[in-house]
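Undergrad: Return a 3D structure for these sequence lines:
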Amino acid sequence: MPAAAPAAVPPLRPGALVLLTAAVTALAAAGVLPRWPGLVHLVALPPLDLIADLRLLMAVSSGYPQFLAGLAAALALRVTVLAFLLGGARGPALRYAARYYLAVLPAALPAAGLLLGAGALLFYGLFWAGTAAVLLVTALTAAVPWAAPPRLARGCATAARHGMRLGTVGACLAALAVIGAVADVTRPAGPVLLVPVSALLTFAAARALRADPGLRAVRRLVAAVPAAGIAALALVAATGPAGPPTAPEPQEPRPGSLMLMSGVDSASGLGAILEIDPHTLGYRCGQTFYYSYAGPGDGQPRNLAMCPPTGGAPYGPGDTLRPTAELITFLEAQLTSLPRPVTLATHSQGVWITWEAAADGRLPGVSELVLTGPFPQNPVPYPPQGEPGRSRPAADVARLVAGLPRPGGTSAFEPDSPLGREWLARPRAVGRTLARPLPPGVRALGVASVFDLPLMPGGPDLPGAADACPVPVIHPNLPYATEFRRAVTAFLERRPLPDCPRWRSLVGPVFRPFAVPAVEPAGRPPAGRRRAVVSGRL
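TA: As a prediction, this is how the structure comes out:
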C-alpha cells in the first residue's frame, strides 16, 4: 500500500499583516506613534513585535492600569495577526498564537525592562544586556510559530530539530538591522516610510520559516556577518584598557592649569578621570588640581590619583548626588585661585554641571572644556516616587536596577536624589542646558563612547562643541583610552581631530532601534554641522 503523501503546508495569509502595517504607518504619520527607528519593529517577526510593544508601552504609560490595559490590547492584536497569518482566525490557530505569545512574554518583559532602565538611567550596561536578551529570545523562539501548528510543544520540537532555523532568523535580523539603521539616519520621515519594507521582510521571513526544511548556506552566511560584528564589539568592550597610560614629565608644560572632575560613584582620588596621568596631556603635577564634590578644603586623600590633591575637601560617592546649584558653587570657588588659563576635564554627569556653570558665566579662568562621555539628551524622564506620570514604569525600573551589582561594585546613584531628579527625571533637562551657548573664549570638546551611542536619540553631537570620534571603550574607562589622549591633545593644540573609522558612527544607527522611544523627542543636527564635527574643525 503506498505511503500517504505528506500534508500540504497551508499558505500564509498576509491580509491582517497588511492592515496592521497600514495602521502603524498612518498612526506614525499622524504623530500618534513616535517616529523613532524602533517603529519598524512594530511589524517585525515575532517576538520582536511584542518586545517593541512593551518598550513603547513602558515608556509612555502613566501607571500600571494603563500599562496592563495596553498590554492586553497588544496581545490581542498580536494573537489575531499571527492567527490570520497561519491560516485564519479559527479556534486552533488563535489558541496556538495565544500560547506562543504567552510563552515568550515572561522573557520579553525583563528584556524590555532592561532597555527601559537603560534609557532612564543612561547606563550602557543595561542597554547591551537588554539587547542581548532580545536577540537571545528571538533566536530561540522566532522559528517556533511557523513550525507545526496546532501544538506549541510540537512547534518547539520541530524548530529545535532544524537548529531553530538560525540561518533564516539570523538573515532576517541582519536585514532588519539595515532597515532600522536607514530609519535612524532618515528621521523623522524614514521610520514611517520603512514600516512597509519591514513588514515585507517579516512576510518573506515567515514564508521561509514555514517552508524551509533547515539551514541554507546563503542565509547562514548572511546571518554570520552581524553575528561576527556583535562578537567583535563584545571583544572590544571586554579587552579595553584597565588603567591610564603614563608619560614622562613634559619639559615644556602647557601654560595655566588642569582641573579634573569625575562623575557619579567617584570619591577623592577614585574615578577614571582622576587617575589619568596629566603628563600625557602636557601638564605637570604642580599644575593639576582635583575637583571635590564636598566643596573647598585643604586637600583630599590621594588614593589612585597620579598627583597629590592639594585642594578640596574629602568626598565620597554620596556627595556626587548633591543639588546642581551647590555643586556649581563649589566648582566656582575651587577654580577662582587656579593659574590661568584653566583646562577643565570632566566625565559623565560632570558634563551637564560644567556646561550649566559655563553658560551662567561661573567658570572663572576656564578656556577649554574636555567633556568625556557626554549624553546630549535624557530621553526617558520619570515621575517622582509613588506618583503617577508619563513613564511611571521607567521610574520603578530605574529604582530597581540602580542598586543592582555591576562591575566595580554597587552604584551609589539614587534616581530620586537631588541630582537625579534635576537631570534625568525632568523632561528635556539635559537638552535645554546643552542648547545654551558657551561664553566667548570658552572652547569645548566632546569625547563619546561607541557603546553609549544607542542611548543618544539625536546622536552624540554637542551644540557649540567639537566632537571627537567616538572611542571604542566602555563609558567608565574612556579617560584611560589612548585615543582620548590623542583627541584632547589635538584639541588643546588647535589641530584637526583624528580621523574617524566609518564603523564607529554606524553603531548608533544599527542598535538605536532596540532602545525605547524618547518620551521627549530629540532632533537631529543639520547635515552640514555633522560633517564639520567629523572633520574635527569646529
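Undergrad: how close does the residue nearest in space to the middle of the chain get to V510?
TA: By C-alpha atoms, centre = their mean, the chain has its centre lying nearest to L455, at 2.5 Å. Using C-beta to C-beta, to the nearest Å, one obtains 14 Å as the distance from L455 to V510. All C-beta atoms are positioned from the backbone trio N, CA, C, and that covers glycine.
Undergrad: hey, where'd the strands end up in the stretch 401-538 of the chain?
TA: Taking DSSP state E, counting those that start in this stretch, the strands of the stretch 401-538 of the chain run over residues 405-406, 409-410, 443-447, 466-467.
Undergrad: least reliable of the ones you listed going by mean pLDDT?
TA: Mean pLDDT per stretch puts strand 409-410 lowest among the strands of the stretch 401-538 of the chain, at a mean of 54.
Undergrad: what's the nearest residue to F67 if we skip its chain neighbours?
TA: Leaving aside its sequence neighbours, F67 sits nearest to S61 (C-beta to C-beta, 6 or more residues apart in numbering; 3.9 Å).
Undergrad: now P308
TA: R302 (5.3 Å).
Undergrad: Tell me who's in contact with the one you found.
TA: Shown in contact with R302 (C-beta atoms under 8 Å, 6 or more residues apart in numbering): 269, 308-309.
Undergrad: May I ask which of the residues you listed has the most neighbours?
TA: P309 (23 neighbours; other C-beta atoms under 10 Å).
Undergrad: which residues sit in contact with that residue?
TA: P309 sits in contact with 268-269, 289-290, 292, 299-302, where contact means C-beta under 8 Å, 6+ apart.
Undergrad: which secondary element of the protein has the worst mean pLDDT?
TA: One helix or strand of the chain scores below all others by mean pLDDT, DSSP states H and E: helix 527-535, with a mean of 35.
Undergrad: Doesn't the residue nearest to P308 belong to a helix?
TA: No - applying DSSP: H, G, I helix; E, B strand; the rest coil, one finds R302 to be coil, outside a helix.
Undergrad: Any idea how many residues pack against A97?
TA: 26.
Undergrad: wait, isn't it in contact with W146?
TA: No - counting by C-beta atoms under 8 Å, W146 is not a contact partner of A97; they are 11.2 Å apart.
Undergrad: what residues are shared contacts of those two?
TA: L86.
Undergrad: what stretches of this protein score poorly on pLDDT?
TA: Confidence mapping of the chain against pLDDT under 70 gives the ranges 1-10, 148-150, 162, 212-223, 225-226, 405-410, 520-538.
Undergrad: Domain boundaries for it, per the record?
TA: Per automatic domain parsing, the structural domains of the chain span 15-238, 257-386+411-520+529-535.
Undergrad: What residues of the biggest helix by length in the chain count as buried?
TA: Ordering each helix of the chain by length in residues (DSSP state H) puts helix 91-121 first. Neighbour-count burial for helix 91-121, counted by 16 or more other C-beta atoms under 10 Å, picks out 93-101, 103-104, 107-108, 111-121.
Undergrad: Also stretch 165-184?
TA: 165-177, 179-184.
Undergrad: how about TSV for the contacts of P309, with distance to V18 added?
TA: What follows is the contacts of P309, written out as TSV (distance: C-beta to C-beta, whole Å):
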residue	distance to V18
S268	62
G269	62
F289	64
Y290	62
S292	62
G299	70
Q300	65
P301	66
R302	67
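Undergrad: Just flag the most distant two among those.
TA: The distance between the two most remote of the contacts of P309 (C-beta to C-beta) is 14.9 Å, for F289 and P301.
Undergrad: Those two: who's more crowded?
TA: The neighbour comparison of F289 against P301 (other C-beta under 10 Å) goes to F289, with 25 against 14.
Undergrad: Nearest residue to A108 in space, please, no chain neighbours.
TA: I51 (4.9 Å).
Undergrad: and the host helix or strand of that neighbour, what other elements does it pack with?
TA: Per DSSP states H and E, I51 falls inside helix 48-60. Packing partners of helix 48-60 (3 or more C-beta pairs under 8 Å, 6 or more residues apart in numbering; DSSP states H and E): helix 64-85, helix 91-121, helix 124-141, helix 392-402.
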